[in-house]
Structures are given as C-alpha cells and as structure tokens.
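**Student:** Give me coordinates for this.
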Amino acid sequence: MKIFLGIDVGGTKCATVLARETQDGAPEILAKKAFPTLVGKPNETIAQIISSARETIAEAKVELTEIASIGVSCGGPLDSVKGIVMSPPNLQGWDNIEIVKILENEFGVPAFLQNDANACALAEWLYGAGKGSRNMAFMTFGTGLGAGLILDGKLYAGTNDNAGEVGHMRLEKYGPVGYAKSGSFEGFCSGSGIAQLGKAMAMELLQSGKTCGFCKSMDELDSITAKSIAISADAGDPTAIEVYAISARHLGAGISIMIDILNPEKIVIGSIFARSENLLRPEMQKVIDREALANASRVCQVVPALLGESIGDIAAVSVASNGLLQRGK
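**Tutor:** Residues are numbered from 1 along each chain as shown. This is a model prediction of the structure:
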C-alpha cells in the first residue's frame, strides 16, 4: 500500500500528515504535526514545514524511500502545473514560491500542488461523500464559498486554476458582501455572509425596540457569527430561522445554475451546510425544484460532506494520491 505525505498550508496554521492507503483505499493517518504559520515569513515557514515533515516521517517510523508522493493543499492563487504559489491574500510574502520544486529537491519524490477547494474536492471524491461518482462539485461553504470540480472522472482546474470560483457569481444587485462583490453567492452563502445578514436584521429589530434571540443589545452586533445565529435558529428564534432561510434560498439559486451548467451526479457541501443542513435544506430544495432543469436535477444529489474536521488532512494526502493517479502510477 502506498504511503503519502500531505502538507496543508494555511494562513494561520500549517500541518504535515503522513498517511497510508488501506485495503479499501481510504487513508490511514500514521502521524501528524501542526504549527502556526509564521506570518510574512515564507522562507522560515517552508523551513519549518520541511522540519515538521521529517519529524512526522520519523514518528511514523517510515523510511523516506517508502513515500510515494507529496501533496500540498494551499489557498490560491497558484499555478498547479508549475507548482508555484502566487501571492495568496492569506499568505503574506508568498510571492511566486516554487513549493513543488523545493519539496522535490528536499525529499526526492514527486510533489503536487492544488488550491484548498480543489484538494477538498479530491478528498470527498476519493474517500468521502462523492466516492464512486464521475461528475461532482464540492462547495466549501465556510469562511468563504469556493468549489472544486470533478468532471468526467478527473479534477478540472481550468485554464489557469480559476475554475470553480462560484462564490464570485452575483446573485442579487444588493446584499451581503463576499468575494469583494455585494450580493454575491459567497455573500449569501458563507460564514461571514450569514453574520452580515444577521447583523443587519438584528439592528433593525433593536432600533425598533424589539428583541432578537442572537443579539440582546447594540453592543453585541459585532460578536454575531453564523454559529450563534444557528444556535438561536435551532432554539426556535424566528429571526435566526429567517436569516438561514435567506441564505438557503440563495444557496438553491446558485446550485441550480451549477446543475444546469455541469449536470453533475453529486454536489457535496461542507462546513456550515454539513452542520446546519436542517436549517438550509428545505428552502434550498424548493428553489432547486423550481429553477433547475428537471432532467439534470433528477440525477443530482446534494449531500453534506462526510469527512468533517479531518478533511484538511485528507485533502493534502488526496493531492498526493491523485497526482500519481493522473500520471498512471
């Protein structure tokens, strides 16, 4: 069974993960190490990644020669073909970093790079809710909204790694801001977007002398989160329920467009949808039933992601595994 090294590069933390394929193909995590990203210090962070990787390999008692490949999951923009990280907004100073070349020179095994949404798509396709499908979209629905696309049994990254940026689609002329665009898909369907909706609705109530289940005073407006609104909605607060209904209707509208264009078998949605499906699915489904092409909608399942909190680790490993798969190894 192949052994893979996964590297998850994030704006606040990085992790190195060593995993082995099992009989059913799912990865078994052998060892993992995590550490804070050194903000504005890419060279120092890369040195720590390499050190952490070596410690992870040693902890698992694996020889370097046993590792089949390395996968790197990182926020974009990036060039997955050339293996270059190109100034992601959450990674200050990572300007044209040849991360694949650096790792291949250091460890002597093939390395592969994908943006985090694509990496998560690979993870859910290979090992999670999308396993067995040939045409699948994975949507993050977390801090932001992005998508990774599996088309005809392969990851589709686009001409320059910008495929799947569905969060940038404008669904309304006005609305919460996401992806630098008012009324965008991300504005309505992300943690920050839901918080923006909740803040606006809470302000209206409080200024009218009414009560709000998830915000008791104007001083609490800035502490509103998608999670606090969900807790209030689950407790029956009508304003919180309506916040999620608004998000759900726009989720349905965006998904309908994806169904019509991509004709996928599955759309797998992570984070907030996986945690709050009960608040989102009813209104989402009503819109899909009304807006999407019936023939395409009938063959598409919209399902929550299965990998949960482990998806970041498995995503990086999936990049390593898929890289060899595409090379026919």
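**Student:** contacts and neighbour counts: CA atoms only from here.
**Tutor:** Noted.
**Student:** Just the helices from the chain, written as ranges.
**Tutor:** 42-59, 99-107, 116-127, 185-188, 191-207, 226-234, 238-262, 271-275, 277-291, 294-298, 311-326 (DSSP state H).
**Student:** Would you mind getting the angle between the fifth one and helix 238-262?
**Tutor:** What that stands for is helix 191-207. Orientation check (axes from the mean of the first three to the mean of the last three Cα atoms, to 10 degrees): helix 191-207 against helix 238-262 gives 150 degrees.
**Student:** Now helix 191-207: average pLDDT?
**Tutor:** Average pLDDT, helix 191-207: 97.
**Student:** so where's the protein shaky on pLDDT?
**Tutor:** When residues are selected by pLDDT under 70, those of the chain lie in 25, 329.
**Student:** if you set the cut-off to 90 instead, what comes out?
**Tutor:** Where the chain drops to pLDDT under 90, the residues are 1, 11-12, 21-27, 39, 75-76, 89-90, 143, 308-313, 325-329.
**Student:** Stretch 280-287: how far from the chain's middle?
**Tutor:** Chain-centre distance of stretch 280-287: 21 Å, with Cα atoms, centre = their mean, to the nearest Å.
**Student:** Can you list the buried residues in that stretch?
**Tutor:** Of all the residues in stretch 280-287, those buried under the rule 16 or more other Cα atoms under 10 Å are 280, 281, 283, 284, 285, 287.
**Student:** Can you tell me what sits against that stretch?
**Tutor:** Residues outside stretch 280-287 that contact it (Cα atoms under 8 Å, 6 or more residues apart in numbering) are 244, 245, 247, 248, 249, 250, 251, 252, 253, 256, 273.
**Student:** Tabulate the CA atom coordinates of it in PDB.
**Tutor:** What follows is stretch 280-287, C-alpha atoms only, in PDB (Å, rounded to 0.1, in the frame of the first residue of the first chain):
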ATOM      1  CA  LEU A 280     -30.800  25.100   4.900                       C
ATOM      2  CA  ARG A 281     -32.200  22.100   3.000                       C
ATOM      3  CA  PRO A 282     -35.900  22.800   3.000                       C
ATOM      4  CA  GLU A 283     -35.700  26.300   1.400                       C
ATOM      5  CA  MET A 284     -32.700  25.300  -0.800                       C
ATOM      6  CA  GLN A 285     -34.600  22.300  -2.200                       C
ATOM      7  CA  LYS A 286     -37.700  24.400  -3.000                       C
ATOM      8  CA  VAL A 287     -35.600  26.700  -5.200                       C
END
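**Student:** that older thread, out of the contacts of stretch 280-287, which one sits closest to residue 44?
**Tutor:** Ranked by distance to residue 44 (Cα to Cα), the contacts of stretch 280-287 are led by residue 273 at 36.0 Å.
**Student:** burial count for the closest residue in space to residue 239 that isn't next to it in sequence?
**Tutor:** Leaving aside its sequence neighbours, residue 239 sits nearest to residue 212 (Cα to Cα, 6 or more residues apart in numbering; 7.0 Å). Residue 212: 20 surrounding residues under other Cα atoms under 10 Å.
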